[in-house]
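> below is the sequence, then the predicted model.
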Amino acid sequence: LKLILSGIQPTGIPHIGNFLGALSNWASLQHTANVNDNLLYAIVDLHALTVPQDPRQLRKNKLDMTIALLACGIDPKRSIIFEQSKIPAHSECAWILSCITPVGWLSRMTQWKVKSQQNKKIQSVEDIDSTSGSCLGLFAYPVLQAADILLYKATHIPIGEDNIQHLELTRDIALKINKLYKKDIFPIPQSILAPAKRVMSLRDSSKKMSKSDPSELSRINLDDTPSEIISKIKKATTDSIKGITYDPVERPAIANLITIYAAIKEVAIEEIVKEYSNSNAQQFKEALAQVLIEKLTPVRNEIEKLKIDSDYVQQVLKDGNEKASLLANKNLDELYNLCGLK
Ligand code: ATP
Ligand code: MG
């Protein structure tokens, strides 16, 4: 029996990186998994707090994210869609895991190294209003991520490449707990990766596409209009080399656009390169914009439709939270028992 689980932060409208790297896998697993396998997809709002958030915006983002998941084809009759913070067991489990996780394991995390480097300014107590500087949560959140997974005894985790290192940490934590209590409490979770596991920014092909990138031009969002798609793809950086060839090292920007095209059309990269071998970058971009418009128009229409039915969206979350709570509380109880809290 599999338990498939993944999460997304309510930090904005998902983009084609989230879609190709994670969400499209989430949706297709509903059909390829066994009927008895559980699928759980979380809106991980506690993770969103690791960077400053406006409370009203965060509330709105959570609903918008739920709508986006439904519009991508996550079916609440098949999958449990839930809000992380509504299930206190996540935080409770994270505490127990953090008590057995060596600090050294966390300081090796690349995301911590990158993000803490960006907020280098050191906070003092006098600086209480400052929102810069790295918080303990930013350092510790991979343990909360481990709790999100282990709390459900999840076996398969569909994620993008940027989360592989954190999943490895989760595996190490699971192994350590199993060894500590001499019992196979947690299965060791495996990742499920999509062909487009790392879609890069349209403005800077050395950075991954992200919801939190300040530049709107860096990404295509799932609710972008056709004219926004055309203009963002037109402005995407390329290079001065002639023609269309796939070379991630020498031509990372073009390689990224080819990867997006191939993933959207679900065909091999070589096929796309062959098809456009006689085209220039501008012609290829025009074709790519059309392919994206074709794929995203039904998603955007569905988003618009669901926006006017917020009662339904709220109900989906309420039902999902109840179902996830049952699974989570049972497993937390077992963990409490093992460590002597119960
Ligand atoms: P943020 O900038 O707020 O961290 P994000 O775009 O990185 O947002 P997350 O909510 O952190 O999105 O991640 C949701 C899922 O999407 C994760 O499984 C993550 O691995 C995947 N993902 C994120 N960005 C990309 C990308 N550029 N390419 C492929 N997959 C991605
Ligand atoms: Mg992220």
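Thanks, I have it. Residues are numbered from 1 along each chain as shown. Ligands and ions are numbered 1, 2, ... in the order given.
> could you report the pLDDT at Glu126?
pLDDT for Glu126: 57.
> what does Asn119 give?
Predicted confidence (pLDDT) for Asn119: 70.
> in stretch 96-110, what counts as buried?
Within stretch 96-110, the residues scored as buried using 16 or more other C-beta atoms under 10 Å are 96-98, 101, 106, 109. C-beta: built from backbone N, CA, C; applies to glycine.
> list the contacts of that stretch.
112, 139-140, 142-143, 146-147, 150, 165-166, 169, 172-173, 176-177, 180, 335, 339 (C-beta atoms under 8 Å, 6 or more residues apart in numbering).
> so where's the longest helix in this protein?
Assignment by DSSP state H gives helix 310-339 as the longest helix of the chain.
> and it, what does it pack onto?
Contact partners of helix 310-339 among helices and strands, from 3 or more C-beta pairs under 8 Å, 6 or more residues apart in numbering; DSSP states H and E: strand 38-43, helix 55-71, strand 80-83, helix 89-98.
> tell me which parts of this protein are close to ligand 1?
Proximity of the chain to ligand 1 (C-beta under 6 Å from any ligand atom) is limited to residues 6, 8-9, 11, 17-18, 21-22, 159-160, 162-163, 197-199, 208-212.
> I'd like the average pLDDT over the helix or strand containing Ala262.
Assigned by DSSP states H and E, Ala262 belongs to helix 252-265. Helix 252-265 carries an average pLDDT of 98.
> show me which residues of that helix are buried.
252-264.
> may I see the buried residues of the helix or strand following that helix?
The helix or strand immediately downstream of helix 252-265 is helix 269-275, counting by DSSP H and E. Of the residues in helix 269-275, 272-273 count as buried by neighbour count, 16+ other C-beta under 10 Å.
> per-residue confidence at Glu275?
On the pLDDT scale, Glu275 gets 97.
> do Gly133 as well
At Gly133, the predicted lDDT confidence score is 70.
> my read is it is in a helix, agree?
No: going by DSSP: H, G, I helix; E, B strand; the rest coil, the assignment for Gly133 is coil, not a helix.
> the helix holding Ala262 - contacts with which helices or strands?
helix 269-275, helix 281-307.
> ok, back up a step: how about the helices and strands packed on helix 310-339 in TSV, adding distance to Glu228 and mean pLDDT?
Shown next, in TSV, are the helices and strands packed on helix 310-339 (distance: least, C-beta to C-beta, whole Å; pLDDT from 0 to 100):
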stretch	distance to Glu228	mean pLDDT
strand 38-43	25	98
helix 55-71	16	98
strand 80-83	27	98
helix 89-98	35	98
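> TSV for the ones you listed, including distance to Gly320?
As requested, the helices and strands packed on helix 310-339 are arranged in TSV below (distance: least, C-beta to C-beta, whole Å):
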stretch	distance to Gly320
strand 38-43	8
helix 55-71	9
strand 80-83	4
helix 89-98	14
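> looking at those, which is closest to Asn280?
Nearest to Asn280, of all the helices and strands packed on helix 310-339, is helix 55-71, at 34.2 Å by C-beta to C-beta.
> that closest one: which residues count as buried?
Neighbour counts using 16+ other C-beta under 10 Å place 61-71 of helix 55-71 among the buried residues.
> for stretch 316-330, what is the distance to the chain centroid?
Mean-position distance between stretch 316-330 and its chain equals 20 Å (C-alpha atoms, centre = their mean, to the nearest Å).
> and it, what's buried?
316-317, 320-321, 323-324, 327-328.
> mind listing residues that contact that stretch?
38, 40, 42-43, 66, 70, 76, 80-83, 86-87, 89-90, 93, 151-152.
> likewise stretch 61-75?
Under the criterion C-beta under 8 Å, 6+ apart, residues 8, 10-14, 19, 23-24, 26-27, 30, 41, 43, 45, 48, 76, 81, 83, 222-223, 299-300, 302-303, 306-307, 310, 313-314, 316-317 lie in contact with stretch 61-75.
> just the buried residues of the residues you listed.
8, 10-14, 19, 23-24, 26-27, 30, 41, 43, 45, 48, 76, 81, 83, 222-223, 299-300, 302-303, 306, 313, 316-317.
> may I see the buried residues of stretch 34-44?
Buried residues in stretch 34-44, counted by 16+ other C-beta under 10 Å: 37-44.
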